[in-house]
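> Structure of the sequence below:
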Amino acid sequence: MEELKELRERLEGQRPAGWDSLPDLSLYMDQLIGYMPRQLIEYGEEDRLTSAMVNNYIKDGLLPRAEGKRYNRTHLAYLTAICAMKQVLPVRDAGLLAQGEDPRETYEGFLRDLDLALKDVAGELDTDSADLTELARTLALGSYAHKLACQRVIELIRARDPAPESEKEKRKKEKKEKKEREHKHE
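Numbers count the residues shown, from 1 in each chain. Below is the predicted model:
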């Protein structure tokens, strides 16, 4: 089937830009949003990144703040990983897995893992398959099993390394403490 052959070719060959191929100059938000669709395999526009999403990721501590309204390689690397993993995980979990001490090293590890996963799935596609339902079910159940295992591993990570408070959580906590102080003085 021609459509499955095209999918397999994309899974085998289409990859996000490597660290050294990411733009080495900082981008404004609209440039960032325009750049991101070439980073991942997409079918349709429903999962496209928006400026509101980027701002929320920053507020939630998943991305560093922009440097004077400009975004650099680190932002592109984290966003690429988050946009890929949020397809199967909550954004908070995707952000946890996208970050690391060394952004370049973390991104290169993400690229290696993504390459292996895409090649594995491409190998599972029987392009001559007459039973698309069976193929889709097999792929869906594999995704289900991987998601169950991933969720448990993330629970173990969070138990081992409690996440620092996000900016949103800090503001909420400060508001609550301020109200309590004001209430005491009444």
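> Residue 85 - how many residues pack around it?
Neighbour count of residue 85, defined by other CB atoms under 10 Å: 20. Every residue, glycine included, has its C-beta placed from N, CA and C.
> can you pull the contacts of it?
93-94, 97-98 (CB atoms under 8 Å, 6 or more residues apart in numbering).
> rerun that using 6 Å as the cut-off
Contacts for residue 85 (CB atoms under 6 Å, 6 or more residues apart in numbering) come out as 94, 97.
> pLDDT at residue 45, what is it?
With respect to pLDDT, residue 45 has a value of 69.
> From the centroid of this structure, which residue is nearest?
Closest to where the C-alpha atoms of the chain average out (CA atoms, centre = their mean) is residue 82, at 1.2 Å.
> so it makes contact with residue 92?
No. Between residue 82 and residue 92 there is no contact under CB atoms under 6 Å: 10.0 Å.
> sorry, back to before: and the next element down the chain from whatever helix or strand the residue nearest to the centre of the chain lives in?
With elements taken from DSSP states H and E, the one containing residue 82 is helix 73-85. Scanning forward in sequence from helix 73-85 by DSSP H and E, the next helix or strand is helix 91-98.
> neighbouring contacts of whichever helix or strand comes after that following helix?
Following helix 91-98 in sequence order, the next helix or strand is helix 103-124 (DSSP H and E). Helix 103-124 is contacted from outside by 8, 11-12, 19, 74, 77, 81, 100, using CB under 6 Å, 6+ apart.
> The longest helix seen in the chain to helix 73-85, inter-axis angle?
Selection of the longest helix in the chain by residue count, based on DSSP state H, yields helix 132-160. Our comparison of helix 132-160 with helix 73-85, counting by axes from the mean of the first three to the mean of the last three CA atoms, to 10 degrees, yields an angle of 130 degrees.
> same question for helix 132-160, mean pLDDT?
Helix 132-160 comes out at a mean pLDDT of 94.
> Next, the buried residues of it.
Within helix 132-160, the residues that count as buried by 16 or more other CB atoms under 10 Å are 135, 154.
> just stretch 112-130 next, same as before
For stretch 112-130, using 16+ other CB under 10 Å, the buried residues are 114, 118, 121-122, 125.
> I'd like to know which of those is nearest to residue 136.
residue 125 (10.9 Å; CB to CB).
> Quick check: phi and psi on that closest one?
When read as degrees, to the nearest 10, the backbone of residue 125 gives phi -80, psi 120.
> ok, now which ones touch it?
By CB under 6 Å, 6+ apart, the neighbours of residue 125 are 4, 8.
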